[in-house]
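1. can't give you the sequence, but here's the structure:
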């Protein structure tokens, strides 16, 4: 059975901009339920300005309550800059994701920095925290809302640039959920054989109902770790109301049925998804959550 | 560019049991809008007892208003028995779909007949209407809500039985939307090379968010015609509230982006989908319909 690592981003990407403030206790309970299903990798929070993302202002408290209890789980956090990385490190986080869009216009719209500045930040974090595991989150790796289809050459150039800075993990993000399987295949067929000591992962939005297909296409190309979000929360700021990230439970159901080893108990995962929906207001695009428990095929 | 025929089932499967009666004029307008997008195959209605499915009691009127205007389009209808086939023929329909579930318990629950009776009906229709094109709609071809995973051997046996009766087109239906790509591949890899003079198509529900993946898997296996439903209407009686059929617009967007030749204008198709949503109450599981027009990437 081929192992697939599911990297759950709900506690960060799913909760980052929901309408009401989500109390720390709720976040902790949901994370614990997710962990109880067998998940071994979770994006727990982000270390950003509480003014920019007030929903995640309890990052330190979350880390204090969760990290010590799960020594065998890889927790990681999103950090926008050196200060965020410092805060994450001080809270016990040893793995961070730094976002740089492949397209200039989106990088500026998303984090208000030029790509040059972002790569300088990345180098600074790399240099200040040599023992921190750093993932380069490559936003708009397939399609940009401002520039259209992202050329594969631009993706390859960014991977080379990150690699030269010492980065060995790259997360290709379909930020607006408009990638096609053709693009996914072209990207990973070019990257995976070229960097045998690097890891490539995907983060796919389900905006246009291709989330599962594109994620499975990446897996067929040899990607062994994929990001998903409980409930299909998250979403795309350039398609308000549209489906969010690919739902963890929708993907896990399918992978388990196909004989992949996800290490996740689907029924237990559904319990976590239902707990999330009962406690957190949001745009749930999960299909499994719409199926009454008695009709759930496990 | 590889041609893929999209077979639209909205006017029948999508409208069969929506809450309010859908006036003939609305149905005709929606069908015309769908046809304007370039669709060349439509399941227009069904010829069933108006007591069983009152929504489609205007089958004859629909045929009279639509059929003469589109000589280059293949219209087909669902018929449950010889009487339905006779009514369809009299209305100018020359292609019909006869449903027989691969599993006994579902056949009885669905159409209140044993599989033996259903095969006898099929033989009777075949014999009474030798010039009618007959498709065998194979319900529960992958998973049955009562019997679990359908054995591939049972599917192969039903195809052989239909073939012996003169059937040359088989539509494998994922009735409850629980098929896995592994099953899809196994079925078509076994069937397509074995019956070079037969046509195989799929009808996939999106219940568990695998509609697009399973449909694309069938296409990769050599299936050249797939059924979808405008708006992702339809649905699964064994998963109330769940997503319906795979949405035509979600699949067409992707196929067009991947360079397949669907012959369908995506923007025009979205116009038909929006017209449908504006006029027909139902459970829309289309993702594209949730994206505001200005954010639609075409």
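-> Looks like it came in fine. Quick caveat, the model's predicted, so the values are computed rather than measured. Numbers count the residues shown, from 1 in each chain, chains lettered A, B, ... in the order given.

2. can you report how many residues lie near whichever residue of the stretch 51-200 of chain A sits closest to chain B?
-> Taking CB to the nearest CB as the measure, the stretch 51-200 of chain A has residue A:180 as its residue closest to chain B, at 4.5 Å. For glycine as for every other residue, the C-beta is placed from the backbone atoms N, C-alpha and C. Neighbour count for residue A:180, taken as other CB atoms under 10 Å in any protein chain shown: 24.

3. show me what contacts it?
-> Going by CB atoms under 8 Å, 6 or more residues apart in numbering or on different chains, residue A:180 touches A:142, A:210, A:214, B:254, B:257-258.

4. make JSON lines from those residues and add neighbour count and secondary structure to it.
-> Shown next, in JSON lines, are the contacts of residue A:180 (neighbours: other CB atoms under 10 Å in any protein chain shown; DSSP: H, G, I helix; E, B strand; the rest coil):
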{"residue": "A:142", "neighbour count": "26", "secondary structure": "coil"}
{"residue": "A:210", "neighbour count": "30", "secondary structure": "coil"}
{"residue": "A:214", "neighbour count": "29", "secondary structure": "helix"}
{"residue": "B:254", "neighbour count": "26", "secondary structure": "helix"}
{"residue": "B:257", "neighbour count": "21", "secondary structure": "helix"}
{"residue": "B:258", "neighbour count": "17", "secondary structure": "coil"}
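
5. adding distance to residue B:273 and pLDDT, write these out as a markdown table.
-> Formatted as a markdown table, the contacts of residue A:180 follow (distance: CB to CB, whole Å; pLDDT from 0 to 100):
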| residue | distance to residue B:273 | pLDDT |
| --- | --- | --- |
| A:142 | 24 | 97 |
| A:210 | 17 | 97 |
| A:214 | 22 | 98 |
| B:254 | 15 | 97 |
| B:257 | 17 | 95 |
| B:258 | 20 | 96 |
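
6. for the residues you listed, which one is nearest residue A:201?
-> Distances from residue A:201 to those, taken as CB to CB, are shortest for residue A:214 (12.9 Å).

7. quickly list what the nearest residue to that closest one once chain neighbours are set aside is bridged to.
-> In space, residue A:214 comes closest to residue A:204 once its chain neighbours are excluded; the distance is 4.8 Å by CB to CB, 6 or more residues apart in numbering or on different chains. Beta-bridge partners for residue A:204, by DSSP bridges, are residue A:174.

8. for residue A:204, what are its contacts?
-> A:173-174, A:177, A:179, A:210-211, A:214-215, A:218, A:226-227, A:245-246.

9. can you tell me how far it sits from chain B?
-> Counting by CB to the nearest CB, to the nearest Å, the separation of residue A:204 from chain B is 12 Å.

10. now the residue of the stretch 51-200 of chain A closest to chain B: how far from residue A:103?
-> Computed as CB to CB, to the nearest Å, the residue A:180 to residue A:103 distance reads 17 Å.

11. distance of residue A:82 relative to residue A:131?
-> 15 Å.

12. neighbour count winner among those two?
-> Shown here are residue A:82 and residue A:131; by other CB under 10 Å, residue A:82 has more neighbours (17 against 6).

13. so the more buried one sits against residue A:128, correct?
-> Yes. Residue A:82 is within contact range of residue A:128, at 6.2 Å (criterion: CB atoms under 8 Å).

14. now do the same for residue A:178: helix, strand or coil?
-> With DSSP: H, G, I helix; E, B strand; the rest coil as the basis, residue A:178 sits in coil.

15. again with residue A:171
-> strand.

16. do residue A:209 as well
-> coil.

17. what does residue A:97 give?
-> From three-state DSSP, the assignment for residue A:97 is strand.

18. and it, how many residues sit next to it?
-> 24.

19. identify the residues contacting it.
-> A:43, A:76-79, A:134-137, A:171.

20. can you check residue A:61 too?
-> Taking CB under 8 Å, 6+ apart, one finds residue A:24 in contact with residue A:61.

21. pretty sure it sits in a strand.
-> No. Residue state for residue A:61 (three-state DSSP) corresponds to helix; a strand is not indicated.

22. so for it, what pLDDT did the model give?
-> Looking at residue A:61, its pLDDT reads 97.

23. again, but for residue A:148
-> pLDDT, residue A:148: 94.

24. just grab the bridge partners of it for me.
-> The partner residues for residue A:148, given DSSP bridges, come to residue A:144.

25. could you measure from it over to residue A:243?
-> Taking CB to CB, one finds residue A:148 at 21 Å from residue A:243.

26. with neighbour numbers in mind, choose between the two.
-> residue A:243 (28 against 11).

27. name the element the closest residue to that one other than its chain neighbours belongs to?
-> The spatial neighbour of residue A:243 that comes closest, neighbours along the chain excluded (CB to CB, 6+ apart), is residue A:285 at 3.5 Å. If you go by DSSP states H and E, residue A:285 is not part of any helix or strand.

28. separation between residue A:285 and residue B:293?
-> From residue A:285 to residue B:293 the distance is 20 Å (CB to CB).

29. have a look at these two and say which one is more surrounded.
-> Taking neighbours as other CB under 10 Å, residue A:285 and residue B:293 compare with residue A:285 leading, 28 against 9.

30. how about the contacts made by the more buried one?
-> A:206, A:231-233, A:235, A:242-244, A:247, B:287.

31. wait, doesn't residue A:161 sit right on residue A:120?
-> No. Taking contacts as CB under 8 Å, residue A:161 lies outside contact range of residue A:120: 11.6 Å.
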